[in-house]
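Colleague: Here is my input, please return the structure:
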Amino acid sequence: MSGFRPASGIRRDELEWGFFAQMSGPADGLRGIVAIEATFLPGKCHDFHYHPGQEEVIYVVDGEIEQWIEGERSILRPGDAVVIDADAVHATFNDGTKAAKILAILSPAVDGDGYAAVDVSADEPWSGLR
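Modeller: Predicted coordinates for the structure are as follows:
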């Protein structure tokens, strides 16, 4: 369903690691993409995981993140982006002293909230990378 989403109408959930705001997905009638704004508080992360059958683009809006794709690591700053293949294990860490905000876009949307994540942070080799 097409429509405008003013900031006051977007639900922002406070989680253990920061703030999560889903801007689009199946609840809006979109089957192709899911858009999420995530703010990671200092010292917090979305540890190693993958999205079954979903591709992802992460764009850094503010702050600095340490981004992993499989065994590769890079520091990303505002304006940087990363493209993640479907089923690729990845992680986002904020080791800085200020919050880091990203925009994550996943495709295709899946049943439910539109995205699925499988945590592999306790599995080798991911548990030994950091």
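
Colleague: what secondary structure does the spatially most central residue of the chain sit in?
Modeller: Central residue of the chain (Cα atoms, centre = their mean): Ala104, 4.8 Å from the mean position. Assigned with DSSP: H, G, I helix; E, B strand; the rest coil, Ala104 falls in the strand class.

Colleague: for the chain, what spans make up the strands?
Modeller: Using DSSP state E, the strands of the chain run over residues 12-15, 18-24, 34-40, 45-50, 55-62, 65-69, 72-76, 81-84, 90-93, 100-107, 118-119.

Colleague: And these: which comes nearest Ser127?
Modeller: Among the strands of the chain, strand 45-50 comes nearest to Ser127, with 7.8 Å by Cβ to Cβ. The C-beta positions use only the backbone N, C-alpha and C, and glycine is treated the same way.

Colleague: My guess is the residue nearest to the centre of the chain contacts Ile33. True?
Modeller: No: checked against Cβ atoms under 8 Å, the pair Ala104 and Ile33 is beyond contact range at 10.6 Å.

Colleague: Arg5: which of the strands of the chain is closest?
Modeller: Comparing these against Arg5 with Cβ to Cβ, the closest turns out to be strand 18-24 (6.0 Å).

Colleague: Quick check: phi and psi on Gly29?
Modeller: phi 90, psi 10 (degrees, to the nearest 10).

Colleague: how close does it get to Ser121?
Modeller: Distance, Gly29 to Ser121, using Cβ to Cβ, to the nearest Å: 33 Å.

Colleague: Neighbour count: those two, which is higher?
Modeller: Per other Cβ atoms under 10 Å, whichever of Gly29 and Ser121 has more neighbours is Ser121, with 15 against 10.
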